[in-house]
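**Q** I'll drop the sequence and a predicted model, then ask my questions.
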Amino acid sequence: MSSLIVGDLHLGKGLSIGKPGSGSSLNSRVVDQIRLLDWVFEQAVNEHVRSIILTGDICEAVKPDYILIELFVDFLKQCEECGFTVHIIAGNHDLKRTGTRYASYLDLIAAFDLPHVHVYKDISTIIEDNVAYTFLPFRDMRSLDCSETEDAFDKISSWLTYELASIPHYYTKVLVGHLAIEGSIYIGDEFDNISNELMCPASMFEGYDYTIMGHVHKPQELEEEPYVAHVGSLDISDFGETDHEKIVMLFDDSQPPEDKIAEITVPTRPLRHILVNVPAGFDATTYALKKVRAVNKSKSFENAIVKVEIKLDEDSDGSDRQEIIKEVYDLGAFHIILTESKSVSAVPVTNQTVMNNEIGPEAAIEIYADGEEFYSDKEKTDFTNVCKEIVTEWKSSQG
């Protein structure tokens, strides 16, 4: 009996790199995301699966636009009509915590007549023939009311021990959840607060034959025996994922152990990022066009979203934007994002700020962070918050 395991959907993510909708039309990124949901349905039909398991983060926003809910429910109804059972594991983007209670827009699904669609906000195990699936929704340090990582791990381990105790030993045991695995490579925007995040050791899941997690967007295998992996997100959502090949996993218990999991490549729309540093004295348009053509030869622009980032010397003239845009579209691009900036010579400063004992540690952290390069403002904020938490703990220990 087989199941299709699908990574985080993040409906509504990446709208800034899509073609804006006008009138009743949707942003092209939403159209792409729904197209991939249709593709998932087609795979389920072709593979004759019994169930579809979604690892969480159905929408990007905790309070998503109603149209995204409507489109997702349409997908669920389609699955219901075809006889598929759909299991939805709540991710961090799906849960809003108030005290000890979790609320979720996914609760709205209960209002629809969809008896074969199930949402899991707490750990649960189901049996399908001789396969036991344990579904583990998102948890972090704060939601577990823990101040120490080991205490949080102990809580989750005790839940898993309890679930395993109820499963006959001869059943195949599959754990699917929404947690990050220690040693995994993440792109940086998966976590709401890195200091609150749990990076779970693979050894925590040793009682299971197969462990497959969402949450981390890059598909990757962490352990071969027993199998531990991240299925990754369903779509490429930003230019930090341009080299990712997205997959869904087909779990078929009728196959030998080494073949029970098959990876199916997702037909995502490619993203191409071209950085053009125009040397002094060169014509910006000619130089940029040459770089654009060279990149297209190695990585085709066909049907891709292409971001061209041109950086000029301060004395250089700007490029002919329309000529570059036309060239990119002529090479088959679906959409282009073009930016242009000039470097500015550093001006000597006589009165420099010196980090010494007269500067408080919190201020020193801010000054240090301002001088470093971060992937995003969120990453910079997370970094400074963690550093300040360490300072606070150190001050408390000093009395």
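**A** That came in fine, so what should we check first?

**Q** Go ahead and flag the most central residue of this structure.
**A** In the chain, the C-alpha closest to the average C-alpha coordinate belongs to H217, at a distance of 3.7 Å (Cα atoms, centre = their mean).

**Q** how long is stretch 21-32 end to end?
**A** Across stretch 21-32, the terminal residues are separated by 13 Å (Cα to Cα, to the nearest Å).

**Q** Check what contacts that stretch and list those residues.
**A** 11-15, 17-20, 34, 67-68, 71, 235, 237, 268-269, 334-335 (Cβ atoms under 8 Å, 6 or more residues apart in numbering). For glycine as for every other residue, the C-beta is placed from the backbone atoms N, C-alpha and C.

**Q** all helices of the stretch 251-399 of the chain, in order?
**A** Chain-ordered helices for the stretch 251-399 of the chain, with DSSP state H, counting those that start in this stretch as the definition, fall at 284-298, 321-330, 361-370, 377-397.

**Q** In CSV, list those helices along with mean neighbour count and distance to I187.
**A** Output for the helices of the stretch 251-399 of the chain, formatted as CSV (neighbours: other Cβ atoms under 10 Å; distance: least, Cβ to Cβ, whole Å):
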stretch, mean neighbour count, distance to I187
helix 284-298, 16, 21
helix 321-330, 16, 25
helix 361-370, 14, 20
helix 377-397, 13, 10
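
**Q** quick one, which of the ones you listed is nearest to D113?
**A** Distances from D113 to each of those were compared using Cβ to Cβ; the shortest belongs to helix 377-397, at 39.5 Å.

**Q** gap between the worst-scoring helix or strand of the chain on mean pLDDT and the chain center?
**A** Using mean pLDDT, DSSP states H and E, the weakest-scoring helix or strand in the chain turns out to be helix 361-370, at a mean of 73. Counting by Cα atoms, centre = their mean, to the nearest Å, helix 361-370 is centred 29 Å from the centre of its parent chain.

**Q** Same question for stretch 276-289.
**A** Counting by Cα atoms, centre = their mean, stretch 276-289 comes out at 35 Å from the chain centroid.

**Q** tell me the contacts of C387?
**A** When contacts are counted by Cβ under 8 Å, 6+ apart, C387 is found next to I365, A369.

**Q** make it 6 Å
**A** In this structure, C387 makes contact with I365, judged by Cβ atoms under 6 Å, 6 or more residues apart in numbering.

**Q** Quick check: I247 vs N303, distance?
**A** I247 sits 20 Å away from N303, taking Cβ to Cβ, to the nearest Å as the criterion.

**Q** okay, these two: which has more neighbours?
**A** Neighbours around I247 and N303, counted as other Cβ atoms under 10 Å, are more numerous at I247. The numbers are 19 against 11.

**Q** Just the pLDDT for the more buried one.
**A** Per-residue confidence for I247 comes out at a pLDDT of 98.

**Q** List the contacts of the least confident helix or strand of the chain.
**A** Around helix 361-370, the neighbours that count as contacts under Cβ under 6 Å, 6+ apart are M355, K380, T384, C387, K388, V391.

**Q** what's the farthest-apart pair in those?
**A** Using Cβ to Cβ, the pair of the contacts of helix 361-370 lying farthest apart is M355 and K380, separated by 17.6 Å.

**Q** Which residue in the contacts of helix 361-370 has the weakest pLDDT?
**A** Of all the contacts of helix 361-370, the one the model is least sure of by pLDDT is M355, with 44.

**Q** pLDDT below threshold where in the stretch 101-250 of the chain?
**A** Segments of the stretch 101-250 of the chain classed as low confidence (criterion: pLDDT under 70) are not present in this model.

**Q** Helices of that one, start to end?
**A** Counting by DSSP H, counting those that start in this stretch, one finds helices in the stretch 101-250 of the chain at the ranges 149-165.

**Q** can you map out the strands along it?
**A** Secondary structure of the stretch 101-250 of the chain by DSSP state E, counting those that start in this stretch: the strands cover 101-103, 117-120, 124-128, 131-136, 172-177, 180-181, 199-200, 210-213, 220-223, 227-230, 247-252.

**Q** Just the ones of the contacts of stretch 21-32 in strands?
**A** In this view, the contacts of stretch 21-32 that belong to strands under DSSP state E are H335.

**Q** Among the contacts of stretch 21-32, the buried ones, what's the PyMOL command?
**A** Filtering the contacts of stretch 21-32 down to the buried ones (16 or more other Cβ atoms under 10 Å) takes a single PyMOL command:
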select buried, resi 11+12+13+14+15+17+18+34+68+71+235+237+268+269+334+335
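
**Q** tell me the pLDDT at T350?
**A** Looking at T350, its pLDDT is 53.

**Q** Going forward, count from 463.
**A** All right, first residue 463 from here; so that's T812.

**Q** that older thread, which residue, other than its chain neighbours, is closest to the residue nearest to the centre of the chain?
**A** Leaving out its chain neighbours, the residue that sits closest to H679 by Cβ to Cβ, 6 or more residues apart in numbering is S695, at 4.2 Å.

**Q** can you give me phi and psi for the one you found?
**A** Recorded main-chain torsions at S695 are phi -80, psi 160, according to degrees, to the nearest 10.

**Q** Surely it and D470 touch.
**A** Yes. Taking Cβ atoms under 6 Å as the contact criterion, S695 and D470 are neighbours in contact, 4.4 Å apart.

**Q** okay, now the domains of this protein?
**A** Structural domains of the chain, as assigned by automatic domain parsing, span the residue ranges 464-727, 733-804.

**Q** A766 is in contact with T730, isn't it?
**A** No. Contact criterion Cβ under 6 Å: A766 and T730 do not qualify, at 10.2 Å.

**Q** neighbours of H677, just the number please.
**A** A count of nearby residues for H677, using other Cβ under 10 Å, gives 29.

**Q** contacting residues for the residue lying closest to it once chain neighbours are set aside?
**A** Spatial nearest neighbour of H677, chain neighbours left out: H640 (4.9 Å); criterion: Cβ to Cβ, 6+ apart. With contacts defined as Cβ under 6 Å, 6+ apart, the neighbours of H640 are T517, G518, I551, G553, P599, F600, G676, H677.

**Q** Could you find the closest non-adjacent residue to the second one?
**A** Leaving aside its sequence neighbours, G518 sits nearest to G553 (Cβ to Cβ, 6+ apart; 2.6 Å).

**Q** isn't T747 right next to D782, touching?
**A** Yes. Shown here, T747 and D782 form a contact pair, counting by Cβ under 6 Å, at 4.4 Å.
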